[in-house]
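> After the sequence you'll find the predicted model.
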Amino acid sequence: MNKKRKKKTNKEKIYTATFIILALIFFTFYIAPWNFITEIRYDKKWPYQDQTSGSYSGDYDGIDISRHQGKIRWDELKKNTHIQFIYIKATEGLTLNDPCYEENIKNARKHGFKVGSYHFLSKGSLGELQFLHFHHVINKSEQDLRPVIDAEDDGTFGWSRSQIQSHLKGFIRACEMIYGVQPIIYCSASYYKDYLSPEFDEYLHFIASYSGKPVLPGEPTYDIWQFSRKGRIPGIWNWVDLNRFAEGMNVEEILWHK
């Protein structure tokens with residue numbers, strides 16, 4: 001599915017380049033935020049038994065995982081023929097790292113999955129600076145899929161619509177400047193309607209909707225649909241998010257380098 005992209009003006013390009021350069025210099029030499037990065041305390045052996053119930057889920061194209069899935073049995077997950085992609089939580093805000101990120105991405109790649117990383121947008125710092133945190137944690141060479149920026153009420157509560165858009169655009173500008181690729185925007189259908197429409201119509205949309213297919217205002221449609229928060233699949237002992245591609249979409253369309 002092709003999305004129309006707005007052409008950047010020279011003024012916007014100069015602004016973006018100047019901001020990123022100054023931010024990198026300031027943070028590298030004066031603050032060095034990675035010295036303050038923290039990982040949530042986590043028991044690497046959890047969960048000790050299956051936390052789910054019922055039969056295994058079917059008919060999905062990908063999953064997204066974080067510390068909430070706990071210890072994953074990768075040899076068993078590898079046998080799952082549904083999974084075309086896995087998105088893995090890397091960072092949150094300016095200082096938080098997911099404690100399972102490194103292990104998850106290493107094992108996902110080792111077992112042959114197409115993988116990408118996502119950042120959870122959180123109030124309290126500029127979007128550009130949150131991107132620098134994300135950039136510091138992930139390794140570009142380990143990424144098969146475009147980055148995802150996750151915007152949710154839990155993270156941006158207290159920001160106005162204009163503030164949300166400003167920080168989200170800051171993250172996206174920085175991502176385009178450093179990586180030369182647009183991130184995919186994840187949010188719920190209602191969040192998109194309330195805060196992002198129509199200013200972010202030209203991007204790829206990863207939309208959560210648990211009562212039916214997402215319907216977005218205006219012309220845009222979803223590209224990936226997160227249709228369940230309670231997927232049950234072999235190899236994961238806790239509930240997991242399940243995702244499907246929109247008609248006409250496939251994993252080739254979300255690759256970092258096509």
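Alright, I've got the coordinates.
> Please make it C-alpha for all contacts and neighbour counts, starting now.
Noted.
> neighbours of residue 84, just the number please.
18 (other C-alpha atoms under 10 Å).
> where does it fall, phi/psi-wise?
phi -100, psi -20 (degrees, to the nearest 10).
> can I assume residue 213 is in contact with residue 226?
No - contact criterion C-alpha atoms under 8 Å: residue 213 and residue 226 do not qualify, at 9.1 Å.
> helix or strand for residue 170, which one?
Using DSSP states H and E, residue 170 falls within helix 161-179.
> Please name every helix or strand in contact with that helix.
Counting contacts by 3 or more C-alpha pairs under 8 Å, 6 or more residues apart in numbering; DSSP states H and E, helix 161-179 packs against helix 10-26, helix 127-137.
> Going by mean pLDDT, which of those comes out lowest?
Lowest mean pLDDT within the helices and strands packed on helix 161-179: helix 10-26, a mean of 65.
> how many neighbours does residue 63 have?
By other C-alpha under 10 Å, neighbour count at residue 63 equals 23.
> Wait, a strand at it?
Yes - assigned with DSSP: H, G, I helix; E, B strand; the rest coil, residue 63 falls within a strand.
> Now do the same contact list for it.
For residue 63, the contacting residues are 83, 85, 86, 87, 240, 241, 242, 243, by C-alpha atoms under 8 Å, 6 or more residues apart in numbering.
> Could you do residue 105 as well?
88, 115, 142.
> Which residues belonging to the strand or helix carrying it are considered buried?
In this assignment (DSSP H and E), residue 105 forms part of helix 101-110. Of all the residues in helix 101-110, those buried under the rule 16 or more other C-alpha atoms under 10 Å are 101, 102, 104, 105, 107, 108.
> now the angle between helix 127-137 and it, please.
60 degrees (axes from the mean of the first three to the mean of the last three C-alpha atoms, to 10 degrees).
> Output helix 101-110 as PDB, restricted to C-alpha atoms.
C-alpha atoms of helix 101-110 as PDB (Å, rounded to 0.1, in the frame of the first residue of the first chain):
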ATOM      1  CA  TYR A 101      14.800  -6.200  25.000                       C
ATOM      2  CA  GLU A 102      18.300  -7.400  24.400                       C
ATOM      3  CA  GLU A 103      17.400 -11.000  25.100                       C
ATOM      4  CA  ASN A 104      14.200 -10.900  23.100                       C
ATOM      5  CA  ILE A 105      15.700  -9.400  20.000                       C
ATOM      6  CA  LYS A 106      18.700 -11.700  20.100                       C
ATOM      7  CA  ASN A 107      16.500 -14.800  20.400                       C
ATOM      8  CA  ALA A 108      14.000 -13.600  17.800                       C
ATOM      9  CA  ARG A 109      16.700 -13.100  15.200                       C
ATOM     10  CA  LYS A 110      18.400 -16.400  16.200                       C
END
